[in-house]
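> Have a look at this prediction, sequence included:
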Amino acid sequence: MASLFGFVHRNWLIFNPPEASKSAAPLRFGILGAADIGPMALILPAKSHPDVVVQTVAARDPKKAKAYAQKHGIPEVSANYQDLLDNPNIDCVYIPLPNGLHFEWALRALKAGKHVLLEKPSVNNVTEAEALFKNPIINGPKAPVLLEAAHYAFHPAWTTFMSYVSPANVSSAKAVLWVPSWKFSADDIRYQYDLGGGALLDLGAYTASALTRVFGVVAEECEECLTQGAQFDSRCDQLFKARYRFPGGRRGEMEGDLKAPFDHLSPNLHVEHSPIVVSSADAGVKVPEDQEVVRIRKIKFTNFVMPSVFHSIRIDDEFQTRKAGDKSGKTIKKWTNSKTIKAYTFKEVGIDQPGEPSWTTYRYQLEEFVNKVHGSEARQWVSGEDSMNTAKMIDMAYTAAKLPLRPTSKLVDGNT
């Protein structure tokens, strides 16, 4: 009963966060686009952050921007995107525009001196990623901050999960992410090629980035990618199943579906390690001097994308004892230790960082974004290299699927 109450209370607070008193000089955000993701990604998290105020919003349709501002308590409406960027009172810009517009407006915002929180996927392809994240404008001590909003990586559950992962020793991993079939209409922007549509760019931004973090490197090749085209535009994939080869012959897989059946609910991440010799203390046993203990670790992270709603991290460690140095596979003894853990705050897992059980991945992300803008060292972060690696993984998959890469912005050649 107590766990059920905690679940209900935590999730109620996610959508009804407490209002924080604002500091004397908070960072003032503008939102480019009256996007549905805006409330969850920024507007609600900003309510509980003392150093953040969502000041203005701009949209292609001024009437839509006005209605959006009224609905979400945003005090100002900008006439258009450029008007928002020209506003000297705006410090930071959140960009949840269609994927195909990310490169252009992120670059314009950076040139206007604004810090940029850029919705995932950061851009359409690796050409745009390299042009954006290698741009000289974001280098230097006073350069604006640019962050791709891979929000799951900021939650304490992800940090806890990664504390059990040894990237160099991972032998295989699989990331899956499904969206129920009723979620997006047939003409949604996710199915429009010219706007950067496709399941790989949308859901794959999560699964591909998770794989690169788990393995610690980008894949060498996408060996196979099976897709199903969307009805609205066959160049856009509705679902994908991709298989990658990582250095050392290791295997990574990812699946995503924008029209998943009802029995496909939770985003899961499965990781398996290669056998390694561990100390008897790590195994919790004493063994004779002529024996050694081998461990094979398997981890399942349930709901790695939105762990603030609910999640679990199950660690299964299979131990074997054998004669020291014996590689024949002959086992003396075998047993398994299993445990399931959860982490809604950093303090739960012994890390001295701020957080509340009801903080979403987006709220933890906002905390670090503000810290970075203020010049503090990032404790969790998504680097430009991380974002470029994600783009590489997605481009590999589209190439393997024999689908065209999403179009490159005409501004890439003149981005400096």
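Everything's here; your move. Numbers count the residues shown, from 1 in each chain.
> can you give me the strands for the stretch 301-416 of the chain?
312-323, 333-341 (DSSP state E, counting those that start in this stretch).
> could those strands go into TSV alongside distance to residue 65?
Just so you know, the C-beta spots here come from the backbone N, C-alpha and C atoms, and that holds for glycine as well. Converted to TSV, the strands of the stretch 301-416 of the chain look like this (distance: least, CB to CB, whole Å):
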stretch	distance to residue 65
strand 312-323	40
strand 333-341	44
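> Kindly compare burial across those strands and name the winner.
Greatest average neighbour count among those goes to strand 312-323 (a mean of 18), per mean count of other CB atoms under 10 Å.
> which residues are contacting stretch 393-401?
Residues outside stretch 393-401 that contact it (CB atoms under 8 Å, 6 or more residues apart in numbering) are 121, 125-126, 198, 200-201, 204-205, 208-209, 211-212, 218-219, 221-227, 237, 240, 242, 244, 404-406.
> Could you report the distance from residue 362 to residue 27?
Distance of residue 362 to residue 27, given as CB to CB, to the nearest Å: 15 Å.
> Compare neighbour counts for the two and give me the winner.
residue 362 (27 against 21; other CB atoms under 10 Å).
> Buried subset of the contacts of stretch 393-401 as a PyMOL selection?
Provided next is the PyMOL selection string for whichever of these are buried by 16 or more other CB atoms under 10 Å:
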select buried, resi 121+125+126+198+200+201+204+205+208+209+211+212+218+219+222+225+227+237+240+242+244+405+406
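> still on that earlier bit, so which of the strands of the stretch 301-416 of the chain gets nearest residue 89?
For the strands of the stretch 301-416 of the chain, proximity to residue 89 was assessed by CB to CB; strand 312-323 is nearest, at 42.8 Å.
> Go ahead and confirm residue 408 touches residue 125.
Yes: Residue 408 is within contact range of residue 125, at 6.0 Å (criterion: CB atoms under 8 Å).
> now, which of the contacts of stretch 393-401 lie within helices?
Among these, the ones falling in helices (DSSP state H) are 126, 200-201, 204-205, 208-209, 211-212.
> Using TSV, please lay out those residues together with pLDDT and distance to residue 5.
Listed next are the ones in helices among the contacts of stretch 393-401 as TSV, based on pLDDT from 0 to 100; distance: CB to CB, whole Å:
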residue	pLDDT	distance to residue 5
126	98	47
200	98	40
201	97	39
204	98	37
205	97	34
208	98	37
209	98	34
211	98	36
212	98	38
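> if we can go back for a sec, put together JSON lines for the strands of the stretch 301-416 of the chain, with mean pLDDT and distance to residue 61 on each row.
Below are the strands of the stretch 301-416 of the chain laid out as JSON lines (pLDDT from 0 to 100; distance: least, CB to CB, whole Å):
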{"stretch": "strand 312-323", "mean pLDDT": "96", "distance to residue 61": "42"}
{"stretch": "strand 333-341", "mean pLDDT": "95", "distance to residue 61": "47"}
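> how near is residue 94 to residue 203?
Separation of residue 94 from residue 203 (CB to CB): 21 Å.
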